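> compute the structure for the input listed below.
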Amino acid sequence: MSSLLSDPRIRLGACVLAIAVVGGLAVVTNPKQPNVEPQAAQAPTRSIVNRTALACPAPAAGGKQTSVVSGVAPALPAGTPVAKGDEAPLSISPLATTADPLGSLLVRGKIGSSPAATKPQVLSIRGTGPLAAGAVGTSTAIATSGVNSGMASAPCQLPGSDFWFVGGSTAPDRRDVLTLTNLDSINAAVNVTIYSNKGRLDVPSARGLVIPARSTYELFLDQVARSQKDLALHIVSTGGRVAPALRDYATKADKTPAGVDWIGPTIAPSTKVFVPAAAPGPGQRKLVMANPSDLQATISLTVNGPNGPFKPAGLETVRLPAGAVSTIDLTKVLHGDASGISLVSDQPVTASLRMIDKSGSDFASISATEGLTGPAYLVLPAHQQPAILQVTAPGKASSVKIDLRDAAGKSLQSRAVDVIAGSTTQIAFKAQSAPTYLTVEQTRGTVVAGVTLMPDPKSDDTPQVAAWPLSTSLVFRAQLGAQPDVRAALR
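Predicted coordinates:
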């Protein structure tokens, strides 16, 4: 050994090796801190998706209502890689393996729908082949009276293992139900952690829930967390995958129905949170925030309005106790303007916004979402009032390209839109008697976006309030490894 070390070349190699080892350990033990500031999105990572499985929720039976699921395999940007093979149809069908399809997506760019049903049921959009890439769907139910009055509409959900919801309640004027759909052929096991304005609740009966294969399980929140004004839920699957949705019923003081809708999943708690698309017009706007951490959160709140960002007087800084959920009324702050909400916190938080029409007869919620890093697709149901796309640039000036197409794939409205730094820009889409689909592609900067539907306060029709967030298509989401993780859609 001593003779080897006496060789200068050997000693030099050993030194180089030692430096490399130390350097490697430094990389592992001293990683760079993540940058949570908004950044201009880079060119999206494109993944080949050749299977899809989406769960489309449905309200409970009651009153005179119709429900429909519409889906599309959207037109993709030129050069987007897709799976090889024939364009086998994607089916819109009930959960049972023996059920016949109720509708199909036959051709890319053309919308397919299930027949309007008076007895709603959870449906799925599933299939393999080239049409799976980018496929999206929306479940919509409309009732003119009864407990389901108004419009309840939500995007079909990709199954997963970890979800957050903010904005639930078991107050006397609310009746909320968590639905857990298992599209797979094996059972799933789920734990639900519940937070309230009093902190994290001890709810053993919400843990170890078993959701049988190809079925939907309902957890009535008032049975596990009675008389809680504000709630946040953390759903974690310990085996299998689920697609959760939070069905929300509201009543007025005289016990008459005040609408039903879905509270969508929000992003995981973060120190930077963006809630898009506060609908313009009259009515209440309530921000619900959750702090699941063990420390009090100090939150800086910014409104991204049409004329730029501002700090609302008296609400520039909000303190949220550890483990707590709280609501802030932003009705007067927003002045009826289309707006986004930016939250910067010293502890990870998440949020959603509840929007109620002027008459108090219908409502919708929209949850915090991530900035777009590639094209986002959304199927819009038929609507009697103009729908409003709202694009917010929470940081620097940004731009997007939008394209609205009819059921046959014909472009109805296409344009490029610049968004001033810190502001929200709105684009109106005319009322449509049939479903359409929207593409929003971020081209510069960081943007968050959503579409809202708020009725004309002068109309005598049954109010139809809805909100749909926009998120980057799975085809363009950055993957954690060399291969895309699409296991949620493979079972």
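
> ranges for the strands of the stretch 101-250 of the chain?
Assigned by DSSP state E, counting those that start in this stretch, the strands in the stretch 101-250 of the chain fall at 103-105, 112-113, 123-128, 136-143, 150-155, 162-168, 174-182, 188-196, 199-200, 209-211, 215-220, 231-239, 243-251.

> between those, which one is nearest to residue 364?
Smallest distance to residue 364 across those (Cβ to Cβ): 8.0 Å, for strand 150-155. For glycine as for every other residue, the C-beta is placed from the backbone atoms N, C-alpha and C.

> dump the strands of the stretch 101-250 of the chain into TSV; add distance to residue 387, mean neighbour count and mean pLDDT as well.
TSV is the format used below for the strands of the stretch 101-250 of the chain (distance: least, Cβ to Cβ, whole Å; neighbours: other Cβ atoms under 10 Å; pLDDT from 0 to 100):
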stretch	distance to residue 387	mean neighbour count	mean pLDDT
strand 103-105	22	22	96
strand 112-113	18	24	98
strand 123-128	22	24	96
strand 136-143	12	26	96
strand 150-155	11	26	95
strand 162-168	22	25	98
strand 174-182	25	22	97
strand 188-196	33	21	98
strand 199-200	38	16	96
strand 209-211	33	19	97
strand 215-220	28	16	97
strand 231-239	28	21	97
strand 243-251	21	24	96
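
> tabulate these (TSV), appending distance to residue 80.
Converted to TSV, the strands of the stretch 101-250 of the chain look like this (distance: least, Cβ to Cβ, whole Å):
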stretch	distance to residue 80
strand 103-105	17
strand 112-113	21
strand 123-128	18
strand 136-143	15
strand 150-155	21
strand 162-168	28
strand 174-182	29
strand 188-196	32
strand 199-200	43
strand 209-211	34
strand 215-220	33
strand 231-239	30
strand 243-251	25
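
> and of the ones you listed, who's closest to residue 385?
Of all these, it is strand 150-155 that lies closest to residue 385, at 10.3 Å by Cβ to Cβ.

> counting contacts, what elements does the closest one pack onto?
strand 136-143, strand 257-263, strand 466-469 (3 or more Cβ pairs under 8 Å, 6 or more residues apart in numbering; DSSP states H and E).

> quick one: buried residues of stretch 256-269?
257, 258, 259, 260, 261, 262, 263, 264, 265, 266, 267, 269 (16 or more other Cβ atoms under 10 Å).

> closest one of those to residue 205?
residue 263 (21.0 Å).

> what's near enough to touch the closest one?
Residues counted as contacts of residue 263 (Cβ atoms under 8 Å, 6 or more residues apart in numbering) are 165, 166, 167, 168, 176, 246, 248, 352, 365, 367.

> related to what we said a few turns ago, any chance of the helices and strands packed on strand 150-155 in a markdown table, plus distance to residue 234?
What follows is those, written out as a markdown table (distance: least, Cβ to Cβ, whole Å):
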| stretch | distance to residue 234 |
| --- | --- |
| strand 136-143 | 24 |
| strand 257-263 | 14 |
| strand 466-469 | 19 |
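
> which one, of these, ends up nearest to residue 316?
strand 466-469 (25.9 Å).

> tell me what that closest one is packed against?
Judged by 3+ Cβ pairs under 8 Å, 6+ apart, strand 466-469 is in contact with strand 150-155, strand 270-278, strand 363-367, strand 448-453.

> ok, residues contacting that strand?
Here strand 466-469 makes contact (Cβ under 8 Å, 6+ apart) with 138, 140, 151-155, 261, 264, 276-277, 279, 355, 364-367, 369, 378, 380-381, 383, 449-453.

> right, and residue 453 touches residue 383 too?
Yes - counting by Cβ atoms under 8 Å, residue 383 is a contact partner of residue 453 at 5.5 Å.

> so between those two, which is more surrounded?
Neighbour count, other Cβ atoms under 10 Å: between residue 453 and residue 383, residue 453 has more, with 27 against 23.

> before we move on, the earlier item: overlap in contacts, residue 453 and residue 383.
Applying Cβ under 8 Å, 6+ apart, one finds that residue 453 and residue 383 are jointly contacted by 464, 466.

> residue 353 pairs with what?
residue 287, residue 366 (DSSP bridges).

> and it, how many neighbours does it have?
Look at residue 353: counted by other Cβ under 10 Å, it has 27 neighbours.

> from what I can see it touches residue 340, true?
No - between residue 353 and residue 340 there is no contact under Cβ under 8 Å: 9.4 Å.

> how far is stretch 126-137 from where the chain is centred?
19 Å (Cα atoms, centre = their mean, to the nearest Å).

> endpoints of that stretch, how far apart?
The stretch stretch 126-137 measures 11 Å between its terminal residues, going by Cα to Cα, to the nearest Å.

> all helices of this structure, in order?
Along the chain, the stretches classed as helices by DSSP state H are 2-5, 8-29, 331-334.

> check contacts around residue 245.
Counting by Cβ under 8 Å, 6+ apart, residue 245 makes contact with 55, 57, 154, 157, 178, 179, 181, 262, 264.

> for the fourth one, give me its contacts.
What that stands for is residue 157. Each residue near residue 157 by Cβ under 8 Å, 6+ apart is listed here: 54, 55, 56, 57, 181, 243, 244, 245, 265.

> among these, find me the one that's closest to residue 230.
Looking across these and measuring by Cβ to Cβ, the closest to residue 230 is residue 265, at 17.0 Å.

> any idea how far residue 376 is from that closest one?
Noted for residue 265: a distance of 15 Å to residue 376, by Cβ to Cβ, to the nearest Å.
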